[in-house]
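Participant: with the input below, show me the fold.
(2 chains)
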Amino acid sequence: MAGWGWARTVRGLLLDVSGVLYDGGADGGVPIAGSAEALRRIKASGLKLHLCTNETQETRENFVGKLRALGFDVSVAEVTAPAPAACRLLKERGLRPHLLVHNDLVPEFADVDKTNPNCVVLGDAAENFTYANLNEAFRLLIGMEKPVLISLGKGRYYKETDGLKLDVGAYMKALEYACDVQAEVVGKPSKMFFEAALAELGVPPEQAVMIGDDIENDVGGAQQCGMRALQVRTGKYRPSDENHPKVKPDAYVNNLAEAVDIILQQQRG
Amino acid sequence: MGVRRGTGELSQSGRCNCCCLFHISSSCVAPLFCVILSPAAFRSVFSPRGKPDGENRRSLCPVSPSVPSRLRSAPVTVRFVTNTTKESKRDLLERLTGLGFDIAEHEIFTSLTAARNLLEQQQVRPLLLVDDKALPDFTGIGTDNPNAVVVGLAPEHFHYEMMNRAFRLILDGAPLIAIHKARYFKKKDGLCLGPGPFVTGLEYATDTKATVVGKPEKTFFLEALRGTDCAPEEAVMIGDDCRDDVGGAQQAGMRGILVRTGKYSVHFRRLWCLE
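Facilitator: Numbering: from 1, shown residues only, chains lettered A, B, ... in the order given. This is a model prediction of the structure:
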């Protein structure tokens, strides 16, 4: 296949989860056709595999449990997610967060001192994005001498089984505008986050490929780190993504299964 | 006395502001025959100790109710313009007439009026994220199966479900119309998020820009002048907000005059580099 020569040198795959493996939803979500089988084939091929997600609606343990129930053979050690990375950052900098996150994510911050907060941590809080909760975060930030807003990702939207939903990025922008601050992003597309995932993958960026449905956060972010990146035409993908003014994926694929087909074919060739 | 264009400030000090108003309309800017007033400034002009726009009635200096009639006896057309997002034209009129001002409904032009005009021009059906009190200003506008989004100050609508609904409409091509983009406002118990942050979030998620209809947008002032038979260069705006009233009006080609009452303060003078 033309333009896929680079795939011969690939040694590891970083996969986005929502919109690549499955579409989330209140019902637990549904797998995307062929993706569980594709995951098995990657593992059987000897290629390295790691999941790189901006999922912040639940703990990694619960998230992995849900994926396993949907038929995906994955473990907690194979997942890089923003909340554990944020916990490390908070401890390093002596920050005590006020959390505006999903209730199911709170246990990830069990070991972090949350008294007398000196920063706000924003995740995909979904129903917790009420006016009262946003206002509380706003008042804390505006009252700080030097406001620190940490956002777990900055995605615009994502797809659930009942339609597209606003992601944390929209609310991050709202608080940035209200307080005239710049949020620090932990999660994709932050370079540090991709580098942490690559370290887990155990492959240098030039031998790794990122596969995701988000043109900016998955594809753009990974390319900034020196990786190849593919966009799947599943999940939040919209045809207009193919005219993105700044980001051009190394290739488009219809779904994860097709990406794996082509990469494995190139590896054999 | 004179008017300095650059600062939009009346130079004469130590005189009561209502006199300044009178001077504007009668002698010093004779060619300008349309006076646009922000009601906040308007009220404070006549209330020497007036605070920034508030919902409470306050005592006025004794001459106040006579001033609109003095303006009216002068050869000028008057409009009262304001950035309200939750007070309908009718309520505003009632409040002002209750305070003793002789004002007619057609003389009031608010950011809600501007939004309504835009909806009518574009012939769209809005999802209205506005306070219930503002709804009378949208009477007769169809809202079934919406294909536009209007955002005012409506904390009760700023929640996950409604934001998702607005987001999906905009992503499907519905225009996003913002009454204004204030970052926050002050309540008794502290600062509260204004419509601006929510508009900004929707703009980011959909990669679009909202059409802002309130002050200080140029179109707001031009719309307010429509029907007055008066060109921008023939009009003067009098207000207490240096950016929204004076700056906006000047951008639209009008003259702008800043009153030293209402929200005007040393702080604002510094903020807007007047000193």
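
Participant: drop to CA atoms for contacts and neighbour counts, all remaining ones
Facilitator: Will do.

Participant: element containing the nearest residue to A:Arg156 once chain neighbours are set aside, please.
Facilitator: Ranked by C-alpha to C-alpha, 6 or more residues apart in numbering or on different chains and with sequence neighbours excluded, the top spatial neighbour of A:Arg156 is B:Ala205, at 4.4 Å. B:Ala205 belongs to helix B:195-206 when assigned by DSSP states H and E.

Participant: quick one: mean pLDDT for the helix or strand following that helix?
Facilitator: Going down the chain from helix B:195-206, the next helix or strand is strand B:211-212, by DSSP H and E. Per-residue pLDDT over strand B:211-212 has a mean of 96.

Participant: show me the shaky parts of the chain.
Facilitator: Since no chain was named, I'll use chain A. Regions of chain A meeting the criterion pLDDT under 70 cover residues A:1.

Participant: chain B, not that one
Facilitator: Ranges of chain B meeting pLDDT under 70: B:1-72, B:263-275.

Participant: domain ranges for it, per the record?
Facilitator: B:3-83+B:215-271, B:124-212 (automatic domain parsing).

Participant: list the contacts for the residue nearest to A:Arg156?
Facilitator: A:Arg156, A:Tyr157, A:Leu166, A:Asp167, A:Gly169, A:Ala170, B:Phe167 (C-alpha atoms under 8 Å, 6 or more residues apart in numbering or on different chains).

Participant: the chain: helices as residue ranges?
Facilitator: Reading this off chain A. Secondary structure of chain A (DSSP state H): helices at A:35-45, A:60-69, A:82-92, A:131-142, A:168-179, A:191-201, A:221-224, A:256-268.

Participant: try again with chain B
Facilitator: B:17-23, B:39-45, B:66-73, B:89-98, B:111-122, B:160-171, B:195-206, B:218-225, B:248-251, B:266-271.

Participant: residues of the stretch 51-200 of chain B that sit close to chain A?
Facilitator: B:155-156, B:158-161, B:163-164, B:167-168, B:183-184, B:191-193, B:196-200 (C-alpha under 8 Å from any C-alpha of the partner chain).

Participant: go again using 6 Å as the cut-off
Facilitator: Contacts of the stretch 51-200 of chain B with chain A, taken as C-alpha under 6 Å from any C-alpha of the partner chain, map to B:Phe158, B:His159, B:Tyr160, B:Asn164, B:Arg183, B:Pro197, B:Phe198, B:Thr200.

Participant: which of the residues you listed lies closest to B:Ala210?
Facilitator: B:Thr200 (8.3 Å; C-alpha to C-alpha).

Participant: circling back: can I get the helices of chain A in JSON lines with distance to A:Leu15 and mean neighbour count?
Facilitator: Output for the helices of chain A, formatted as JSON lines (distance: least, C-alpha to C-alpha, whole Å; neighbours: other C-alpha atoms under 10 Å in any protein chain shown):
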{"stretch": "helix A:35-45", "distance to A:Leu15": "10", "mean neighbour count": "16"}
{"stretch": "helix A:60-69", "distance to A:Leu15": "13", "mean neighbour count": "16"}
{"stretch": "helix A:82-92", "distance to A:Leu15": "15", "mean neighbour count": "17"}
{"stretch": "helix A:131-142", "distance to A:Leu15": "32", "mean neighbour count": "19"}
{"stretch": "helix A:168-179", "distance to A:Leu15": "20", "mean neighbour count": "26"}
{"stretch": "helix A:191-201", "distance to A:Leu15": "10", "mean neighbour count": "19"}
{"stretch": "helix A:221-224", "distance to A:Leu15": "11", "mean neighbour count": "22"}
{"stretch": "helix A:256-268", "distance to A:Leu15": "9", "mean neighbour count": "17"}
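
Participant: got JSON lines for those, with distance to B:Val212 too?
Facilitator: Shown next, in JSON lines, are the helices of chain A (distance: least, C-alpha to C-alpha, whole Å):
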{"stretch": "helix A:35-45", "distance to B:Val212": "44"}
{"stretch": "helix A:60-69", "distance to B:Val212": "41"}
{"stretch": "helix A:82-92", "distance to B:Val212": "35"}
{"stretch": "helix A:131-142", "distance to B:Val212": "22"}
{"stretch": "helix A:168-179", "distance to B:Val212": "16"}
{"stretch": "helix A:191-201", "distance to B:Val212": "35"}
{"stretch": "helix A:221-224", "distance to B:Val212": "32"}
{"stretch": "helix A:256-268", "distance to B:Val212": "42"}
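
Participant: could you check how far the nearest residue to A:Ile263 once chain neighbours are set aside is from B:Leu96?
Facilitator: Nearest residue to A:Ile263, sequence neighbours excluded (C-alpha to C-alpha, 6+ apart): A:Ala7, at 5.6 Å. Distance, A:Ala7 to B:Leu96, using C-alpha to C-alpha, to the nearest Å: 73 Å.

Participant: can you tell me the closest non-neighbouring residue to B:Ile108?
Facilitator: B:Phe80 (4.7 Å).

Participant: same check on A:Gly153?
Facilitator: Using C-alpha to C-alpha, 6+ apart, the closest residue to A:Gly153 is A:Gly187 (4.7 Å).

Participant: ok, B:Gly248 next?
Facilitator: Going by C-alpha to C-alpha, 6+ apart, B:Gly248 has B:Pro216 as its nearest residue, at 4.1 Å.

Participant: same question for A:Glu108.
Facilitator: A:Glu108 sits nearest to A:Thr59 (C-alpha to C-alpha, 6+ apart), 6.0 Å away.

Participant: the one you found contacts A:Leu105, correct?
Facilitator: Yes: counting by C-alpha atoms under 6 Å, A:Thr59 does reach A:Leu105; the two are 5.1 Å apart.

Participant: dig out what A:Pro31 forms beta bridges with.
Facilitator: A:Tyr22 (DSSP bridges).

Participant: write out the residues of chain A neighbouring chain B.
Facilitator: A:127, A:129-131, A:156, A:165-166, A:170-171, A:173-174, A:177-178.

Participant: check contacts around A:Asn54.
Facilitator: A:Ala81, A:Pro82, A:Gly153, A:Gly187 (C-alpha atoms under 6 Å, 6 or more residues apart in numbering or on different chains).

Participant: return the distance of it relative to chain B.
Facilitator: Taking C-alpha to the nearest C-alpha, to the nearest Å as the measure, A:Asn54 falls 16 Å from chain B.

Participant: what's the answer for A:Ala85, then?
Facilitator: For A:Ala85 relative to chain B (C-alpha to the nearest C-alpha), the value is 24 Å.
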